[in-house]
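Asks: could you work out the structure for the sequence below:
(3 chains)
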Amino acid sequence: MSASAATIEGGRARGVGASAWARRNLWTIGLLGLLVLLIVFTKLIQPSYGAGGVQSLAIAVLPLGFAAVAQAIVVIAGGIDLSVGSMMALTSVITATLMQGQSDVFGVGVVIGVMLLGLLLGAINGGLVVLTRVPDIIVTLAMLFVWAGFALIVRAAPGGQASPWLMTIVNGKFFSEWVPKAGLVLLIVVAVVWIPLSRSKIGLSIYAIGSNQLAAFRSGIAIGPTKVIAYAFAGLFAAIGGLSLTASTGIGTPVPGPYTLESVAAVVLGGVSLAGGRGGVFGPIVAVVTLQLIQTDMTFLNVNSNLAIVAQGVILIGVLVLGSVLEMRRERA
Amino acid sequence: MTVTASDLLLEATGVSKTYGAVVALRSASLAVRPGEVHALMGANGAGKSTFVKILTGAVRPDAGRIVVRGRERTVHSPVEARRGGVVSVYQEPAVIPDLDIRANLRLTDTPVDAFRHWLSELGIDRLDLSAVARRLPLATLRIVDLARALAIEPDVLMLDEMTAALPANLTERVLAVVNGQRGTARSVVFISHRMIEIGAVCDRATVLREGETVGVVDVTAGSEDRIVELMLGQIAGESREVAERTARAESAATPRLSARNLAAGTKLTDVSFDLHPGEVLGVVALEGQGQDELFDILAGSARPSGGNLLVDGEPVSFGHPADAIRAGLVYVAADRAEALLMQRSVRENIALPFTARPARWGLIDLRSERRTVDQAVQTLQIDARAGNEVRRLSGGNQQKVTIARWVAGGVRTMLCFDPTRGIDIRTKQQIYVLIRDLAAAGAAILLYTSELKEVQLVCDRAIVVFGGHVVEEIAGADADEATLLRAAYHLRSGAQLPEELTAVAER
Amino acid sequence: MSAIADTSHWRSTGAWRTLFRDQPTVPLVGLLALLVVAIEIAEPGIVGPAWVGVIVRAAIPLAILAGCQTLTMLTGGIDLSVAAIGSMAGFVTATLIHSPGGAVQGVVVVLIVAALAGAVTGVGVGVFRVHPLIMTLGMSFVVLGLSNVWQLQTVQTGAGVPPQLRTLGSGGFLEVFPYSLVVFVPLTLLILFGLRRTGYGRLLYAIGDNPIAARLSGARSWQVLVVLYVISAVLAAIAGLLVSGLSNTASVSLVDGYLLSSVAAAVIGGTSIFGGRGGFGGTIVGSLILTVLNALLIVVGLPEPSRQVVFGGIIVIVAAAYTRVTAES
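Replies: Numbering: from 1, shown residues only, chains lettered A, B, ... in the order given. Predicted coordinates for the structure are as follows:
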């Protein structure tokens, strides 16, 4: 009953420009701060940590980064996609299998084709969610089996061969040895696709259907098609994630990695609300980097590597508990 | 006078809709002329909301014709309806909570200048377009929604309970703007439970009953009775009866509930009152004067930042609704979606408080539960034919279920927050009677109502809250609407009525 | 919207819909029978007492894990930690086989550990209001990691699945009645009865249907949720013990393959992932359907990858059919 409010005044947003932006992206900024602290900490415990470390960090982050972006788009639209890992496996084996022993030009065709395939896979996920009206989590759970099955049909065991040029795109440095190509690829691809998308009417619609479906419908947004588009973009990013897997390892692996559940974790840590409508894709990327760096630090500290998994779970829980405690305190105040 | 079809802006005939076994609309019709404000009326369950959804394209009818500007149209979505010139403003604003206002305008292709113009017409001059909708008050959002609809310049504007959650000053502005549409090329379909508003701005009224259009009335000075008669059908007679007031219990004994200088945040600053057994105490306030916070505190949903609460003379402190319930304070909410388990049965809904405490997590004695529940169902005359799932009941019956839950366990102190909001006259009447009966049986009842008429009908006395503190106490017999309204605006009696003074309240 | 039409209308168009909505178990049993007929046609003579025994034995751990999902889904949650907890249970018991207390000590220890993990999850979900999906996901990372650490700590002093567990998980009376029924039947009765006839069961539905209403009626949901996730974790541990007995192996990822199937079984059984609707009866049938379906696909001769594809497809189809008939309007 506290929904109604008394003062009829305009928005409470006082500042404009930078401060408004900062307030809206508070979570991401906090996360960036944490990352900086972590980098300092890393340098302290391992003074030799430098360009080489950054290189391997970027390579390790790449596939999960794309997976997190894919997941973030769907979660913003109010859904969840448990088939991200399977789509990555499928696109990865297709890429490696088709590229094996083929020319570079053909390889370029494969890359484009696989990205289109990603859009299609995602659109199928979204289409099924819309048409069957079965909850997203169930449909994509089923599609997890389907896409993973297809991946195994394409190739029963890891193998194939990535085009050499594809591997050079993500491996190595870009001019300065402090600028790993993998990091650049991640940022550029995400920026090129996400920034125009999020500013467009389609992007606004994706936020709208996640934020309040009824209000979106009444605002004249076509809920179904928008949802399909969101899933299609998730499929695209999953496919790019699959490509990056093949590019960084040189082969295709049919068994899905841990990317689905880790992408959900990264998305939530990155400030995207599971309820939909809130957040962006850069927060999740920062979260992925942070988690990876923590793992690296634990090896530096000679901690049992299995404790890294524990740490990941504890951090996931801890950050969310912290967030909820802060929320509760704000409510009380 | 006769009206040919081509003169009509919007004409719907023979519209019907069935949901499974439930007939929502049998044969509804509506004819709206250009430049008129047309009321669509009907008791709850008459099919009004289904009809509106069909007209705006949110729901597809089973049969019927809808003609806009002489052209027949089958509408499949709000966006198509909008293209056809029919735009609606719903009870829940169609604003995306996580986007700012500017993005919301962009999503709906709304011209910003026209939006700003209507916004200031409606009484909001300053609005930061980069404010995220979630952070704006509900009343502002409804006004934003309306301004946006007007900015699109529709042929037909449908307003569904537009004034329901608005404070009085904004209500005035809305009514003024609606009134301004009369005689233009545009027409307004106006849906409201408030007869005064209908009389103030509407030219004609179409009345629905049991899914059928039962009459079209020209709205004039004496047409209220005719409309009510049409809405109620054969039960019209009893609706005028006033719940019989029992003699008020003498209040010499310790009050059941005492509030001493209660305060919470900035809204609630200083509220004190005594509530005695056998008494119905009304709380009257304009929207947002601290009554929400007051009831949250009394129901155990929030902690006060200052002041004391005494039950039977003993100080109490509630950390959870469970604490309030144990102290005998039970809460009836206005929002049924807040109070009911929509997918569960009437029985489980009524029995819910019985099993809340861990001590009662064990076996349920089904026989005694059935006896208690049946009795409560009977007391409140709940029509539980669709009782397998509460969501299939009508709004009025749902509200009765939320009350039955507490009646079943025996009521000591009941806190009612606008319990008759948005329900039909007949159910309202039954709830008034029930409240009086409970009081006669010794219960103490605190009743906040947004419908001032109820105060004189039901309450022994009323306190008026303004700006977070009690400004006046009025005996039930003297609590006519004009007196209450003056008090609610914190005006001296004899001073001007608020129409001219909206600026004061706007601050 | 509330005028009730004469009820004769119900029988003509609404009968199936009503049946599905109010008694989802009945048509589900029909589907199960259909699958059994199909497998008998695919390989005549396969269906017999021994086959039933095999199917039931395989379905029981799945049904228990799906029970965890059912209970948590009723409150609008989900439990992704069942696999990690189940694996942990089987694995740790096996490593404790040579401890003084033997298998019994192992079982007691893992049940306590599971309950602790469940309590932490419950506090996270109930008190700190962390989304159950995330909370249980995080808990599964923690349990998996700690199991790994435990694996490294216990120098392999001849760990092995205790013979009692092997008998319980894979043995049977005359090949027809698996011994695991001894565990399963009382558990089932307890859950079914608990959901229908106890105040606690009512609250699970209430919290899932409308947490605000439950709160306003005086229920403290954190109490309900802490108990719920403890129950779920203990059930998961029991299922894990049965799985390790069934397969005569113990590893930290033994139960992982069951996780998504357990969600699927609960959904096919008619429990809504949004909470407030469903029950354990349907879940049991759902588990049997998935088990028989898997057997059918093997009998038909589909290789593992194709089986996965068909499996996923069927989950979508059943869930879609189910949504269609139960949907309002």
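Asks: C-alpha from now on. contacts and neighbour counts both.
Replies: OK.
Asks: return the residues of the stretch 51-200 of chain C in contact with chain B.
Replies: Taking CA under 8 Å from any CA of the partner chain as the criterion, the neighbours of chain B within the stretch 51-200 of chain C are C:Arg197, C:Thr198, C:Gly199, C:Tyr200.
Asks: secondary structure and neighbour count added to these, as a markdown table?
Replies: Supplementary listing: these in a markdown table, determined by DSSP: H, G, I helix; E, B strand; the rest coil; neighbours: other CA atoms under 10 Å in any protein chain shown:
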| residue | secondary structure | neighbour count |
| --- | --- | --- |
| C:Arg197 | helix | 17 |
| C:Thr198 | strand | 19 |
| C:Gly199 | helix | 25 |
| C:Tyr200 | helix | 25 |
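Asks: residue contacts, residue 238?
Replies: The chain I'm using is chain A. In this structure, A:Ala238 makes contact with A:Phe66, A:Ala67, A:Ala70, A:Val84, A:Gly85, A:Met87, A:Met88, A:Gly118, judged by CA atoms under 8 Å, 6 or more residues apart in numbering or on different chains.
Asks: um, chain C though
Replies: Taking CA under 8 Å, 6+ apart as the test, what C:Ile238 contacts is C:Gly86, C:Ala89, C:Leu111.
Asks: just checking: which of the contacts of A:Ala238 also lie near chain B?
Replies: Near chain B, taking CA under 8 Å from any CA as the test, no member of the contacts of A:Ala238 is found.
Asks: and which of those is nearest B:Ile297?
Replies: Ranking these by separation from B:Ile297, with CA to CA as the measure, puts A:Ala70 on top at 44.2 Å.
Asks: need the pLDDT of the closest one.
Replies: Per-residue confidence for A:Ala70 comes out at a pLDDT of 96.
Asks: same deal with A:Arg14?
Replies: Here, the pLDDT recorded for A:Arg14 equals 41.
Asks: just B:Arg240 next, same as before
Replies: The confidence metric pLDDT takes the value 37 at B:Arg240.
Asks: same check on A:Ala20?
Replies: Note for A:Ala20: predicted pLDDT of 65.
Asks: again with B:Ala462
Replies: In the prediction, the pLDDT value recorded for B:Ala462 is 92.
Asks: what's the pLDDT at the residue of the stretch 201-350 of chain B at minimum distance from chain A?
Replies: For the stretch 201-350 of chain B, the residue closest to chain A is B:Gly288, as judged by CA to the nearest CA, at 4.0 Å. Confidence at B:Gly288, expressed as pLDDT, is 70.
Asks: how close does it get to B:Arg336?
Replies: From B:Gly288 over to B:Arg336 the distance is 20 Å, taken as CA to CA, to the nearest Å.
Asks: hang on, B:Leu309 packs against B:Ala259?
Replies: Yes: between B:Leu309 and B:Ala259 there is a contact under CA atoms under 8 Å: 4.8 Å.
Asks: higher neighbour count, those two?
Replies: A count of neighbours by other CA atoms under 10 Å in any protein chain shown puts B:Leu309 above the other of B:Leu309 and B:Ala259, at 23 against 19.
Asks: give me the buried positions along the helix or strand that one falls within.
Replies: B:Leu309 is part of strand B:306-311, with elements assigned from DSSP states H and E. Using 16 or more other CA atoms under 10 Å in any protein chain shown as the burial criterion, the residues of strand B:306-311 that qualify are B:Asn308, B:Leu309, B:Leu310, B:Val311.
Asks: for chain A, which helix is longest?
Replies: Criterion DSSP state H: the longest helix present in chain A is helix A:104-132.
Asks: starting at the chain centroid, how far to it?
Replies: When distances are taken as CA atoms, centre = their mean, to the nearest Å, helix A:104-132 is centred 17 Å away from the chain's centroid.
Asks: that one and chain C, any residue contact?
Replies: Yes: part of helix A:104-132 sits close enough to chain C to count as contact by CA under 8 Å from any CA, namely A:Thr132.
Asks: and if you look at stretch B:33-53?
Replies: Yes: in terms of CA under 8 Å from any CA, part of stretch B:33-53 sits within range of chain C, namely B:Gly45, B:Ala46, B:Gly47, B:Ser49, B:Thr50.
Asks: quick check: of the contacts of A:Ala238, which lies closest to chain B?
Replies: After measuring those against chain B - CA to the nearest CA - the closest member comes out as A:Ala70, at 20.3 Å.
Asks: and the closest one, what does it touch?
Replies: A:Val84, A:Phe233, A:Ala234, A:Gly235, A:Leu236, A:Phe237, A:Ala238.
Asks: just give me the neighbour total for residue 310.
Replies: Unless you meant another one, I'm taking chain A. Burial of A:Val310, expressed as a neighbour count using other CA under 10 Å, amounts to 23.
Asks: I was after chain C.
Replies: Residues near C:Val310, counting by other CA under 10 Å: 20.
Asks: surely it meets A:Val146?
Replies: Yes: distance between C:Val310 and A:Val146: 7.2 Å, which falls inside the contact criterion (CA under 8 Å).
Asks: would you turn the residues of the stretch 51-200 of chain C next to chain B into TSV with pLDDT and distance to B:Lys267?
Replies: Below are these laid out as TSV (pLDDT from 0 to 100; distance: CA to CA, whole Å):
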residue	pLDDT	distance to B:Lys267
C:Arg197	91	44
C:Thr198	94	42
C:Gly199	93	38
C:Tyr200	95	38
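Asks: which two of the residues you listed have the greatest separation?
Replies: Largest separation among those by CA to CA: C:Arg197 and C:Tyr200, giving 8.6 Å.
Asks: so which of the residues of stretch B:33-53 next to chain C sit within helices?
Replies: Using DSSP H to define helices, the subset of the residues of stretch B:33-53 next to chain C located there is B:Ser49, B:Thr50.
Asks: who in the stretch 51-200 of chain C is up against chain A?
Replies: Taking CA under 8 Å from any CA as the test, the list of the stretch 51-200 of chain C residues beside chain A reads C:124, C:128-131, C:134-135, C:137-146, C:148-149.
Asks: show me the shaky parts of the stretch 51-200 of chain B.
Replies: Counting by pLDDT under 70, the ranges of the stretch 51-200 of chain B that qualify are B:165, B:193.
Asks: tell me where it has helices.
Replies: Along the stretch 51-200 of chain B, the stretches classed as helices by DSSP state H, counting those that start in this stretch are B:78-83, B:101-107, B:112-121, B:138-151, B:168-180, B:195-201.
Asks: go on, the stretch 1-150 of chain A?
Replies: Assigned helices in the stretch 1-150 of chain A, in chain order: A:18-24, A:26-45, A:51-76, A:84-99, A:104-132, A:136-154 (criterion: DSSP H, counting those that start in this stretch).
Asks: contact partners for the nearest residue in space to C:Gly122 that is not next to it in sequence?
Replies: Leaving aside its sequence neighbours, C:Gly122 sits nearest to C:Val226 (CA to CA, 6 or more residues apart in numbering or on different chains; 3.9 Å). Listed by CA under 8 Å, 6+ apart, the contact set of C:Val226 reads C:Gly118, C:Ala119, C:Val120, C:Thr121, C:Gly122, C:Val123, C:Val125, C:Gly126.
Asks: any chance of the residues you listed in TSV, with neighbour count, secondary structure and pLDDT too?
Replies: Shown next, in TSV, are the contacts of C:Val226 (neighbours: other CA atoms under 10 Å in any protein chain shown; DSSP: H, G, I helix; E, B strand; the rest coil; pLDDT from 0 to 100):
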residue	neighbour count	secondary structure	pLDDT
C:Gly118	29	helix	97
C:Ala119	22	helix	97
C:Val120	18	helix	96
C:Thr121	31	helix	96
C:Gly122	29	helix	96
C:Val123	21	helix	95
C:Val125	24	helix	94
C:Gly126	23	helix	93
